[in-house]
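Peer 1: what's the 3D shape of this:
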Amino acid sequence: MKKAILEIKNLTVEYIIEKETLSAVDDVSFCVLDGETLALVGESGCGKSSIANAVTKLLLHGNERVSGEIIIDGHDVLKLSQKQLEELRGDKVGMIFQNPLNSLNPVYNIGFQVAEPFLAKRIKRKDIYPKVLDSFIQVHIPDAENRMRSYPHELSGGQQQRIMISMSAVRHPMLLIADEPTTALDVTIESQILELIKSLKYGEKPDVYDKPSSTLLITHNFGAVAEIADHIAVMYAGNIIEIGNVFSVFESPLHPYTKLLMQSLPGIRKTEGRLASIPGTVPKFMGKTYKGCRFASRCPVAEESCFVLKPELVEISKGHSCACFKVGEQP
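Peer 2: As a prediction, the model looks like this:
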């Protein structure tokens, strides 16, 4: 049985806004197994990025409350010191952020930025250069040797994202977190970026990547999920409402929300008619604990009990769990 590289237990993230409490993540538990990719999907505002930032403890606004456990390599991230966190980031956990231009420093060339972690460890420059060059070649940066002297503004959006992947992959972390890595990229570049992330799972160089890495992919793009994920967890308003093998969830979605998301995807035939839509928006839960199902107000099959009782995540078939009182009913 594969071991869990990332194990999240009862994670809750709340933000204090104008003396009120905003519930962003509510009692979430899941794990990412060794060598596998878990996709965390859902509408904008459902708490996906809050989970990603909690895993690396990058919730730096000072108005957040985080509880639960985030276990990486046997250690609870929430209990680590600042020095231990710095050792964790990069060496064991790499992160690809949503907007690469905001994450790259405009006053340093990209070669220096990729090399910086090695410089901090006082590795000799002559030993760093081949590592950086190799990482540029691996992510298919054209004219890699000369590009090392370029600045972020001199690169296209796709090239900037490749540099972010290079920065994350150069130290071969055991866990890679990709937070909306293809946002604002055209479909051709998006496909190339997804292939790059997929290749990092086992690597293109067996002598360097002696074991596969694991990936937590955060996205609302089901095409990306189908292309590179092994498992999928569907989030809604801070809760995981369905989780399972990607083939099982795509072929037999159980939760009404998952079914509606699938129905809203464009098909390849004109005869399929208009795309389905989900009325309303993801609600914000402020000030008090909500006891019912958070999707109840938008659910077409909700009944009275859905507004007062919270459904638990229950295994319906092997490896496929759902949190709903109306499992199997058509929305």
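
Peer 1: From here on, just use CA atoms for contacts and neighbour counts.
Peer 2: OK.

Peer 1: center of the protein - which residue?
Peer 2: Centroid check for the chain by CA atoms, centre = their mean gives Ile218 as the closest residue, at 2.5 Å.

Peer 1: In this structure it contacts Ala178, no?
Peer 2: Yes: with contact taken as CA atoms under 8 Å, Ile218 and Ala178 are classed as touching, separated by 6.0 Å.

Peer 1: if I look at the closest residue to Gln161 other than its chain neighbours, how far off is Ser213?
Peer 2: Residue nearest to Gln161 in three dimensions, not counting chain neighbours: Pro100, with 5.5 Å by CA to CA, 6 or more residues apart in numbering. Using CA to CA, to the nearest Å, Pro100 is found at 22 Å from Ser213.

Peer 1: chain center to stretch 101-109: distance?
Peer 2: Relative to its chain's centre, stretch 101-109 lies at 22 Å (CA atoms, centre = their mean, to the nearest Å).

Peer 1: Please report the separation between the first and final residues of it.
Peer 2: End-to-end distance for stretch 101-109: 13 Å, by CA to CA.

Peer 1: what sits up against that stretch?
Peer 2: By CA atoms under 8 Å, 6 or more residues apart in numbering, the surrounding residues in contact with stretch 101-109 are 97, 110, 113, 148-153, 157, 160, 164.

Peer 1: Among those, which one has the most neighbours?
Peer 2: For these, neighbours were counted using other CA atoms under 10 Å, and Met164 has the most, 26 neighbours in all.

Peer 1: elements contacting the least confident helix or strand in the chain by mean pLDDT?
Peer 2: Every helix and strand in the chain was compared by mean pLDDT, DSSP states H and E; the lowest is helix 187-200, with a mean of 78. Judged by 3 or more CA pairs under 8 Å, 6 or more residues apart in numbering; DSSP states H and E, helix 187-200 is in contact with helix 157-169, helix 222-228.

Peer 1: can you tell me which of the ones you listed comes nearest to Val25?
Peer 2: Proximity of those to Val25 was assessed by CA to CA; the nearest stretch is helix 222-228, lying at 21.4 Å.

Peer 1: Show residues contacting that closest one.
Peer 2: By CA under 8 Å, 6+ apart, the surrounding residues in contact with helix 222-228 are 37, 39, 41, 194-195, 198, 219, 232, 246.

Peer 1: So which residues of the stretch 1-150 of the chain form helices?
Peer 2: Using DSSP state H, counting those that start in this stretch, the helices of the stretch 1-150 of the chain run over 48-55, 82-91, 100-103, 110-120, 125-138, 144-147.
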